[in-house]
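[1] Any chance you can model this:
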Amino acid sequence: MNIILQQNSSHVNYEPVQMTKKTLAENLAKNLKALRGDQTQGAFARKLGISRATLNRLENNSQNTTLKTLDQITKSLKCDIGELFR
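    Purely as a prediction, here's the structure:
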């Protein structure tokens with residue numbers, strides 16, 4: 001739980017506020033888009049060893065992925081799986 005400072009005209013309140021967290025799929029989508037940068041989806045998908053359609057669905061958070069696909073992506077990017085979900 002986080003504490004958010006809320007200021008009224010006469011005083012300051014410290015109230016606990018529930019912060020919304022992104023889902024793993026949302027984090028994966030955001031990170032894949034960031035890693036792709038200016039590359040086309042086709043070019044980045046080839047680099048990752050997955051289809052452009054799969055990359056498109058992952059970036060749009062419209063598909064659950066498999067461990068096999070995640071393994072392929074992490075091997076291609078030479079990164080730890082946790083880095084894709086931060």
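
[2] alpha carbons only for contacts and neighbour counts from here, please
    Noted.

[3] what's stretch 31-40 in contact with?
    Stretch 31-40 is contacted from outside by 44, 59, 84, 85, 86, using CA atoms under 8 Å, 6 or more residues apart in numbering.

[4] Let me know the closest of these to residue 76.
    Taking CA to CA as the measure, residue 76 lies nearest residue 44 of those, at 10.3 Å.

[5] Confirm that closest one sits in a strand?
    No. Read with DSSP: H, G, I helix; E, B strand; the rest coil, residue 44 is helix and lies in no strand.

[6] Which residue is the nearest non-sequential neighbour of it?
    The shortest distance from residue 44 to any non-neighbouring residue, by CA to CA, 6 or more residues apart in numbering, is to residue 36 (6.1 Å).

[7] Could I get the average pLDDT for stretch 37-56?
    On average, the pLDDT along stretch 37-56 is 97.

[8] Can you give me the buried ones in it?
    41, 44, 45, 48, 50, 52, 54, 55, 56 (16 or more other CA atoms under 10 Å).

[9] Could you do stretch 59-75 as well?
    For stretch 59-75, a neighbour-count test (16+ other CA under 10 Å) marks 59, 60, 61, 73, 74 as buried.

[10] what distance separates the start and the end of that stretch?
    One end of stretch 59-75 sits 18 Å from the other (CA to CA, to the nearest Å).

[11] Residues contacting that stretch, please?
    25-26, 28-30, 32-33, 48-50, 54, 57-58, 80-81.

[12] Understood, closing this out.
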